[in-house]
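Peer 1: Predicted model follows, preceded by the sequence.
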Amino acid sequence: MAHADLIIKKLKEEIAGFKDEQSSDKVGTVLEVGDGIATIAGLDDVQASEIVLFDTADGEEIVGLAMNLEEDQTGAVIFGDYKKIAEGDAARMTGKVLSVPVGDDFVGRVTNALLDPIDGKGDISSSETYPVERIAPGVMTREPVGVPMQTGIKSIDAMVPVGRGQRELIIGDRQTGKSAVAIDTILNQKGQDITCIYVAIGQRESKIRKIVQQLEERGAMDYTTVVLAGASDPAAMSFLAPYSATALAEFYMAQGRDVLVIYDDLSKHAMAYRQMALLLKRPPGREAYPGDVFYLHSRLLERSARLNEVNGGGSITALPIIETQAGDVSAYIPTNVISITDGQIYLESDLFNKGQRPAINAGLSVSRVGSAAQTKIIKKLSGTLRLDLAQYRELEAFAAFGSDVDEETKMRLERGKRTVEVLKQSQYAPLTTAQQGMIMYALTKGYVDDVAVEDVVSWEEGLHKFAAANHSDLIDQINATPELTEEIEGGIQKVIKEYKEMQS
């Protein structure tokens with residue numbers, strides 16, 4: 001009897017909680033599926049960039065994105081294993097545009113393009129979502145770029161400085177050290193209160209595993225998130241990854257924080273978009289890219305900005321990477337991205353093969369923000385560096401035709417050789433402002449002129465070790481207030497003279 005009473009009680013509770021409501025799902029049917037693209041009939045009210053859910057035979061839900069809206073059918077890209085979707089499967093509208101979870105817990109993690117964790121460290125808690133596509137901050141909410149974002153690389157900080165909120169392109173052929181420049185920049189943000197996001201688009205998983213390992217070993221994962229769309233992932237994931245990462249960056253920027261985002265690389269991003277567009281039967285244009293490929297990158301990079309104090313004062317600094325073919329910067333995608341960004345760091349194969357690392361071509365590299373993004377000490381000491389280097393390259397070509405050159409030309413050539421050596425830098429060894437200031441001072445004031453060219457690199461390493469061991473208070477002072485005051489100049493002179501005396 002007790003059992004019957006229990007059943008009656010349960011039924012009464014169910015009746016009491018019954019709500020006479022109707023719900024409906026707008027469902028379409030998959031007509032065709034293949035290569036990460038699905039054609040769906042019956043989704044007449046679907047919006048552009050709306051999430052579409054595919055119900056597979058094994059009960060799994062696969063996420064798609066509506067991209068082609070035609071009169072009698074819808075073209076959608078699939079974020080996941082499209083092979084599990086079959087002709088005749090149901091596709092449901094959600095009424096939501098594509099959004100990703102955001103939050104502080106993403107720092108130190110490796111995620112996929114949908115910001116789901118793939119590092120085996122468990123779920124990432126998130127209380128908020130941000131749309132992957134967002135209108136960029138307007139002109140009135142922005143602040144001019146004027147706060148330095150040191151890369152720790154001498155040739156960049158001295159000649160093509162990057163500021164917080166800037167978009168500086170890293171461009172060059174494959175295997176010229178583009179990713180190395182980006183990784184060193186992340187390493188240099190340790191203790192600078194900058195959150196970093198590294199977006200790997202279409203990269204080999206083994207390469208990214210090594211990069212994550214290097215970041216972990218050097219303590220950089222404490223302030224870095226890696227977003228990976230691997231080479232084996234669908235093209236839709238490569239297309240989505242930079243937008244998802246930028247949504248996460250915007251969450252940090254809204255809190256008034258400074259963010260560095262590296263897009264490695266946008267050439268593969270454009271190729272993934274081209275693949276999707278051709279499969280969606282969109283008309284091809286130049287080099288078979290769709291006509292809106294410029295808009296693809298402009299709407300992404302325009303979201304990088306430095307906001308004014310009224311809007312929180314946060315910033316997103318973007319370092320997009322573009323791969324050129326045989327140094328051709330006039331190709332379609334390179335010229336597009338050059339016109340969107342605030343300057344470019346051009347890495348040259350010939351310089352790389354000559355042993356110049358990083359292989360930065362000072363003539364073709366430019367920062368449209370210029371000295372506004374430089375620390376005062378580096379600005380003062382490296383003012384003529386680009387000109388000196390350009391004159392050296394010209395004189396070097398001239399002197400190759402004959403050995404009979406005057407003393408002044410000979411002196412310039414010798415100084416130029418040492419300048420080239422000073423600008424060499426090992427990977428994973430970014431320098432502080434004080435270290436850069438010290439070697440730039442030694443170079444520009446002639447303290448390196450009597451050092452043999454082949455000994456310049458080791459001489460510089462010795463100077464940094466000597467200064468760290470005997471004058472750490474001066475290094476701390478320069479890093480705290482990077483200005484070339486009389487006191488600091490006197491201190492630098494003293495360190496260099498003591499070091500030279502010790503060596504003699």
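Peer 2: Yep, it's here.

Peer 1: From here on, just use CA atoms for contacts and neighbour counts.
Peer 2: Will do.

Peer 1: Quick check: which ranges of this structure have low pLDDT?
Peer 2: Flagging of the chain using pLDDT under 70 yields the residue ranges 1-4, 11, 17-25, 402-403.

Peer 1: By residue count, which helix of it is the longest?
Peer 2: Of all the segments of type helix in the chain, defined by DSSP state H, the longest one is helix 235-254.

Peer 1: Remind me what the next helix or strand after it packs against, helices and strands.
Peer 2: Following the chain from helix 235-254 toward its C-terminal end, the next helix or strand by DSSP states H and E is strand 258-264. When contacts are defined as 3 or more C-alpha pairs under 8 Å, 6 or more residues apart in numbering; DSSP states H and E, strand 258-264 sits against helix 178-187, strand 194-203, helix 235-254, strand 315-323.

Peer 1: and these as TSV, adding mean neighbour count?
Peer 2: Supplementary listing: the helices and strands packed on strand 258-264 in TSV, determined by neighbours: other C-alpha atoms under 10 Å:
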stretch	mean neighbour count
helix 178-187	22
strand 194-203	26
helix 235-254	25
strand 315-323	27
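
Peer 1: So for Gln47, which of those sits nearest?
Peer 2: Nearest to Gln47, of all the helices and strands packed on strand 258-264, is helix 235-254, at 17.7 Å by C-alpha to C-alpha.

Peer 1: quick one: the closest one to strand 315-323, angle?
Peer 2: Relative orientation of helix 235-254 versus strand 315-323 (axes from the mean of the first three to the mean of the last three C-alpha atoms, to 10 degrees): 150 degrees.

Peer 1: Could you give the separation of helix 235-254 from the chain centroid?
Peer 2: Chain-centre distance of helix 235-254: 11 Å, with C-alpha atoms, centre = their mean, to the nearest Å.

Peer 1: One more: stretch 397-412?
Peer 2: Relative to the mean C-alpha coordinate of its chain, stretch 397-412 is positioned 42 Å out (C-alpha atoms, centre = their mean).

Peer 1: what sits up against it?
Peer 2: With contact meaning C-alpha atoms under 8 Å, 6 or more residues apart in numbering, stretch 397-412 is reached by 392, 395.

Peer 1: and the nearest residue to Ile475 once chain neighbours are set aside, what element?
Peer 2: Distance criterion C-alpha to C-alpha, 6 or more residues apart in numbering; nearest residue to Ile475, sequence neighbours excluded, is Ala434 at 5.5 Å. Secondary structure assignment for Ala434, by DSSP H and E: helix 433-444.

Peer 1: Next, work out how far apart the residue nearest to Ile475 and Gly120 are.
Peer 2: Relative to Gly120, Ala434 is positioned 39 Å away (C-alpha to C-alpha, to the nearest Å).

Peer 1: Tell me which of the two has more neighbours.
Peer 2: More neighbours sit around Ala434 than around the other of Ala434 and Gly120, counting by other C-alpha atoms under 10 Å; the figures are 24 against 9.

Peer 1: Might you report the residue contacts of Leu228?
Peer 2: With C-alpha under 8 Å, 6+ apart as the criterion, the residues that contact Leu228 are 110-113, 199-201, 203, 208, 241.

Peer 1: go with 10 Å
Peer 2: 110-115, 117-118, 198-205, 208, 237-238, 241-242, 245, 264 (C-alpha atoms under 10 Å, 6 or more residues apart in numbering).

Peer 1: pretty sure it is in a helix, no?
Peer 2: No: Leu228: not assigned to a helix; according to DSSP: H, G, I helix; E, B strand; the rest coil it is strand.

Peer 1: who's it bridged to?
Peer 2: In this structure, Leu228 has beta-bridge partners Ala200, where bridges are defined by DSSP bridges.

Peer 1: Give me the helices and strands touching the helix holding Ala434, please.
Peer 2: Contacting helix 433-444 under the criterion 3 or more C-alpha pairs under 10 Å, 6 or more residues apart in numbering; DSSP states H and E are the following elements: helix 154-159, helix 376-381, helix 385-399, helix 407-422, helix 456-470, helix 472-480, helix 486-503.

Peer 1: domains for this protein, by residue range?
Peer 2: Per automatic domain parsing, the structural domains of the chain span 27-96, 101-373, 381-503.

Peer 1: give me phi/psi at Asp104?
Peer 2: Phi and psi for Asp104, reported as degrees, to the nearest 10, are phi -70, psi -20.

Peer 1: I'd say it and Ser125 touch.
Peer 2: Yes: with contact defined as C-alpha atoms under 10 Å, Asp104 reaches Ser125; the gap is 8.8 Å.

Peer 1: then stretch 255-273 to CSV, C-alphas only?
Peer 2: C-alpha atoms of stretch 255-273 as CSV (Å, rounded to 0.1, in the frame of the first residue of the first chain):
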residue,chain,number,x,y,z
GLN,A,255,38.6,44.9,-18.0
GLY,A,256,41.2,47.6,-18.7
ARG,A,257,44.0,45.1,-19.4
ASP,A,258,46.7,45.1,-22.1
VAL,A,259,46.6,42.1,-24.5
LEU,A,260,49.1,40.9,-27.1
VAL,A,261,47.6,38.7,-29.9
ILE,A,262,49.8,36.8,-32.4
TYR,A,263,48.1,35.4,-35.5
ASP,A,264,50.4,32.7,-36.9
ASP,A,265,49.6,33.0,-39.7
LEU,A,266,47.0,34.8,-41.7
SER,A,267,48.2,33.4,-45.1
LYS,A,268,46.8,30.0,-44.0
HIS,A,269,43.7,31.8,-42.6
ALA,A,270,43.0,33.2,-46.1
MET,A,271,43.6,29.8,-47.7
ALA,A,272,41.1,28.2,-45.3
TYR,A,273,38.6,30.9,-46.2
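
Peer 1: List the residues that contact Ser179.
Peer 2: With C-alpha under 10 Å, 6+ apart as the criterion, the residues that contact Ser179 are 170, 185, 200, 211, 262-265, 321.

Peer 1: Max pairwise distance over those: which two?
Peer 2: Greatest spatial distance in the contacts of Ser179: Ile170 and Ile211, 17.7 Å, computed using C-alpha to C-alpha.

Peer 1: Looking at the two, which is more packed in?
Peer 2: Set side by side, Ile170 and Ile211 give different neighbour counts by other C-alpha under 10 Å, the larger being at Ile170 (27 against 17).

Peer 1: Phi, psi for that one please.
Peer 2: Listed backbone geometry of Ile170 is phi -110, psi 120, with angles given as degrees, to the nearest 10.

Peer 1: on that earlier part again, export the helices and strands packed on strand 258-264 to TSV and tack on distance to Lys281?
Peer 2: What follows is those, written out as TSV (distance: least, C-alpha to C-alpha, whole Å):
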stretch	distance to Lys281
helix 178-187	34
strand 194-203	22
helix 235-254	15
strand 315-323	26
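
Peer 1: now for these, which one comes closest to Val100?
Peer 2: When these are ranked by proximity to Val100 (C-alpha to C-alpha), helix 235-254 comes first, at 6.5 Å.

Peer 1: correct me, but the residue nearest to Ile475 touches His471?
Peer 2: No: under the criterion of C-alpha under 10 Å, Ala434 makes no contact with His471, lying 11.2 Å away.

Peer 1: Could you tell me which residues touch both of the two?
Peer 2: Both Ala434 and His471 are contacted by 464, 492, under the criterion C-alpha under 10 Å, 6+ apart.

Peer 1: ok, back up a step: quick one, which of the helices and strands packed on strand 258-264 is nearest to Pro131?
Peer 2: helix 235-254 (6.7 Å).
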